[in-house]
Structures are given as structure tokens and as C-alpha cells.
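Asker: following is a predicted model, sequence given first.
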Amino acid sequence: MNRVGRVERTTKETSVLVEIDLDGTGQVDVSTGVGFYDHMLDQLGRHGLFDLTVKTDGDLHIDTHHTIEDTALALGAAFKQALGDKVGIRRFGNCSVPLDETLAEVTVDLSGRPYLVHSEPENIAPMIGTYDTTMTRHILESFVAQAQVALHVHVPYGRNAHHIVEAQFKALARALRYASERDARAEGILPSTKGAL
């Protein structure tokens, strides 16, 4: 069974198309108009081994906020769609990723309940190119709201803003990959005592 999600989201501020294949090989085709964000979505696809297409046309003449937010919302919705009934998946995933002086730790539960815990160094530089670094938490909030997952992201230390954000996306990619993978021992089993996820 193909585990593919496809979401189109159009507002007066943005037009977004996201396609994701959870069982891909990390083939990525991303264009949002925000260079660093494209780089982060590329990390997500490649390290998650998700085939990922993202095409966003947003009101960048205002700023990058709507473009980044709406892309994250569509990505979360597409991820949820691709998960399907969640039968046979591992459900939980975690990964720690070092990137030079930075460490990011991510744990995820594909629980059907949206919740985010996020911490990163407070002294992070405010901008990476046109990317507002305060948007990292908002990307995660938006993704979690639509994907309906519990996500804990912790960066206990780091100095370089690029490294701090990139390590989070790499660790998120791996944690989502592990959690969404099919478990051969759990074939036909929904990983919940409640009978619903």
C-alpha cells in the first residue's frame, strides 16, 4: 500500500502544494522562495528518506512568515494523510544529531494528539539570510497541529544559528522516519491499547 500524502492549500497569502511519500528514497524537489527554509526541507526529506515535493508561492513582498507557516501546515497535513491508519508502524521515534558544536535531540509519538515541547539556546542569531530564526518553533507548532503528533525538540547547547536550526531538522527527519516505519513484528497491529490513534 502506498503511503503518500498530497495537500494543496490556497489562501490570499499563499499557494502551497506538498507531496510526501513515506517509503521513498529521499528524493526532494522544494521551492518556497526562502532559501534557508528550502535547505531545511531538503534535510527533512533526505534524512527521513521521504520523497518530498514542496511548491510554495507566497507573499514574500510582505515577509517570509506566511510562506513558511502555510508550507509547514500543508506538510503536517500531508504527513498525516500519508500515515493512513497507522497499522503496523513503530509509532515512537527518537534521534540525537550533533552538528559540530550543536546537539539536537528529538522524540516523536505519532499519537493522534498534537503537542509540542521545544527548547533551543536563547542567544541564537535572529536571522539566517531571509529566514527568521523565531520561525523554527512556529514551523514545528504548525506541523504538529496538522500532523497530530506529540513532538519534543531539545537543543541543550549550540552557538551557530545555522547549526542549531539544521540539527533540529535532521533529528526531526530521523525521528519521523523511525516512528513511521513499518515494524515487521507488528504487521496488522495498531500500536495502541485504546484501539485508535
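Answerer: That came in fine, so what should we check first?
Asker: tell me where the protein has strands.
Answerer: Counting by DSSP state E, residue ranges of the strands within the chain are 4-10, 14-21, 28-31, 51-58, 92-99, 102-109, 115-119, 127-128, 131-132, 150-157.
Asker: how about the fifth one: buried residues?
Answerer: Applying a neighbour-count criterion of 16 or more other C-beta atoms under 10 Å, the buried positions in strand 92-99 are 93, 95, 97, 99. (C-beta placed from N, C-alpha, C; glycine too.)
Asker: and those as a markdown table, adding distance to residue 3 and pLDDT?
Answerer: Formatted as a markdown table, the buried residues of strand 92-99 follow (distance: C-beta to C-beta, whole Å; pLDDT from 0 to 100):
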| residue | distance to residue 3 | pLDDT |
| --- | --- | --- |
| 93 | 15 | 98 |
| 95 | 20 | 98 |
| 97 | 24 | 98 |
| 99 | 29 | 98 |
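Asker: which one of those is nearest to residue 106?
Answerer: residue 95 (5.6 Å; C-beta to C-beta).
Asker: my read: the closest one touches residue 175, true?
Answerer: Yes: between residue 95 and residue 175 there is a contact under C-beta atoms under 8 Å: 4.6 Å.
Asker: which residues do these two both contact?
Answerer: residue 106 (C-beta atoms under 8 Å, 6 or more residues apart in numbering).
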